[in-house]
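Here's my sequence, what's the structure:
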Amino acid sequence: MQGKKNYQEKLFNNFQLSDRVPKNNFYRLLKEILHLDFLYSETKSYYGSSGQSSIDPIVFFKLCLVGYLENIISDRQLMAHSAMRLDILYFIGYDIDEPLPWHSTISRTRQLFPEAVYEKVFTHVLAMCIEKGMVKGSTQAIDSAPVKANASMDRLELKVPVQELTAHLASVRLISERDKVVYRKAKENKASKEQQSITANAQELKSISSRNKNWRETQDGRPGANNKGSRYTSNKTHYSPTDPDSRISVKPGKARKLNYSSQLSVDTANHVITDIKAYHADGKDSQYLEDIVERLQARLWKQGFRMENVLADTGYSSGEVYAFLEQRGIKSYIPPHGTYKGGPERFEYIKSEDHYICPNDEIVPFKKVFLDYRTQTKKKEYRISSLICKACPLAKSCLGKTAKEKKFSVTYYREEYERNIARLSSPKGRVMKSKRQSTVEPVFGTLTQFMGMRKINTLGIEQANKVMHLFAMAYNLKKYLKFVTKNVKSKAKALAMLFLNKKLDVKSILIVISQFKFRKIAVLKN
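Numbering: from 1, shown residues only. All right, here's what the predicted structure looks like:
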């Protein structure tokens, strides 16, 4: 007989949410292992003593984690999504007839708590991973990625120089039609007077002019010039009034955007994120590494780990970085940058005397230490007397057509560079390179594609840093649950193999069973 279902809405007299959420559901398992009761004491000082009760801080953090676990970056969409999911309601402790907080409450609470609270929760989740043996701590892979800021390139405004704006632009480059027309004016200019003013020196502005020589005179007539986005922009001459902390950055093959730089550190053992922070996108990675290592080394030391190796790409290379890591007893596996300069070919370096021997057996002495204005790197200059070079039979091939004396510069941290290069060339160095590529890059891919790190939905670098900590927490919790459940399954498989082994007697099997049950109960309790 054909069945026909007639739906009639009614009141639930006997309904338990826990009965409707499967035992192996992700959020049910997460609820059992994630305990954030310490947040009540950590956040108490940020609330008043009267008025209506605000959102529970534990509920707030759990909702934020749900957003990134579900790849949702909109607070409004997050609340609509959570209201439709029984497992999420069970995870945050809400019944089906309880109204969820307004989406604006999430936004206001995110601004209420300082960065220290978010870092405290991140450290708590990291400690959970450490307790299960997921972190070794000795080797850390560091990398960066631009994350789109919540600001539009259309609202960029020109920085105001001390001299008249028109005269300044005429000295740097020709004013384009795009500069004259404001397509989308920001409702509120949140930039300070310092952020609205040009801070670049004359030499930096001159370099901008030389790099963009092809844009002069013809930029308005170029193909696609009528497009509102067709203009050259620079952090030296433009700023965002919507989010002044965001910076213009670009990667090869990508469009110019307002971004933040996400600096990420990952433990190579089980790909657990050990540190994350938002930085300005216009800085070099090498400028941020010292701050990252200081913070990361202190965090790992508190957990009982000793940091031994740092893996990073060429962007983190500098003599200052190599020297800093050596002072802290950390080995670097960072490929040298193109700005590295050793001595010229066929010139022998004498370390004890700090001079070079040229191919004609003449001494090229050390003269001075200086700072390269283009690369801002510390260098040493070596120069031989013009009288010696004048009488040298190799002068023509050595000096060229115009030079009268042999002069060259090498990096101040030559020895640190050479030790780093020797480590990279060793068999262990090749292993470390492949380990870095297989560790930190997949983590960034997961965060950007599946966990909402494609865009920051807040304004300001402080708020961006809070959001990045939430990204890392969600990722680590997902790793934690996968590791724990996999560990339980592997023990169950081992137990089955023991039963199949006929060499074991009954007493031995009973002992193994009792040990397995105890460990399984301990895993579920933790």
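
Give me the residues contacting stretch 264-276.
The contact list for stretch 264-276 (C-beta atoms under 8 Å, 6 or more residues apart in numbering) reads 122, 126, 129, 134-137, 139-145, 262-263, 292, 295-296, 299-300, 311, 435-436, 439-440, 442-444, 468-469, 471-472, 475-476, 479, 483. All C-beta spots, glycine's among them, are computed from the backbone N, C-alpha and C.

Now do the same contact list for residue 15.
Applying C-beta under 8 Å, 6+ apart, the residues near residue 15 are residue 96.

brain fart, residue 140
Residue 140 sits next to 265-268, 274-275, 296, 307, 309-311 when contact means C-beta under 8 Å, 6+ apart.

can you give me the strands in this structure?
139-148, 157-158, 238-239, 247-249, 257-267, 272-280, 309-311, 331-333, 348-350, 355-357, 363-371, 378-383, 407-411 (DSSP state E).

Determine which stretch of these is the most buried.
Highest mean neighbour count of the strands of the chain: strand 257-267, a mean of 25 (counted as mean count of other C-beta atoms under 10 Å).

Residue 96 is in contact with residue 21, correct?
No: Residue 21 lies out of contact with residue 96 (C-beta atoms under 8 Å); the separation is 11.6 Å.

Of the two, which one has the most company?
Comparing residue 21 with residue 96 by other C-beta atoms under 10 Å, the one with more neighbours is residue 21, at 19 against 12.

Below-threshold pLDDT in the stretch 51-200 of the chain: ranges please.
Along the stretch 51-200 of the chain, the parts satisfying pLDDT under 70 run over 160-200.

What segments of it are helices?
57-69, 75-83, 86-92, 103-112, 115-131, 165-172, 177-180, 193-196 (DSSP state H, counting those that start in this stretch).

Just name the most buried of these.
With a mean of 22, the top stretch among these by mean neighbour count (mean count of other C-beta under 10 Å) is helix 57-69.

any idea how far the closest residue to residue 284 other than its chain neighbours is from residue 485?
Closest residue to residue 284 apart from its sequence neighbours, by C-beta to C-beta, 6 or more residues apart in numbering: residue 315 at 6.9 Å. Note on residue 315: its distance to residue 485, by C-beta to C-beta, to the nearest Å, is 37 Å.

Pretty sure residue 332 sits against residue 417.
No: contact criterion C-beta under 8 Å: residue 332 and residue 417 do not qualify, at 10.1 Å.

Need the residues touching each of those two.
With C-beta under 8 Å, 6+ apart, residue 332 and residue 417 have common neighbours residue 322.

how far does stretch 46-62 sit from the chain's center?
30 Å (C-alpha atoms, centre = their mean, to the nearest Å).

For that stretch, give me every contacting residue.
For stretch 46-62, contacts defined as C-beta under 8 Å, 6+ apart pick out 34, 36-37, 39-40, 42-43, 91-94, 101, 105-106, 109-110, 112-114, 121, 470.

before we move on, back to that, so which of residue 315 and residue 485 has more stuff around it?
More crowded of residue 315 and residue 485, by other C-beta under 10 Å: residue 315, with 17 against 14.

State the pLDDT value of the more buried one.
According to the prediction, residue 315 has pLDDT 88.
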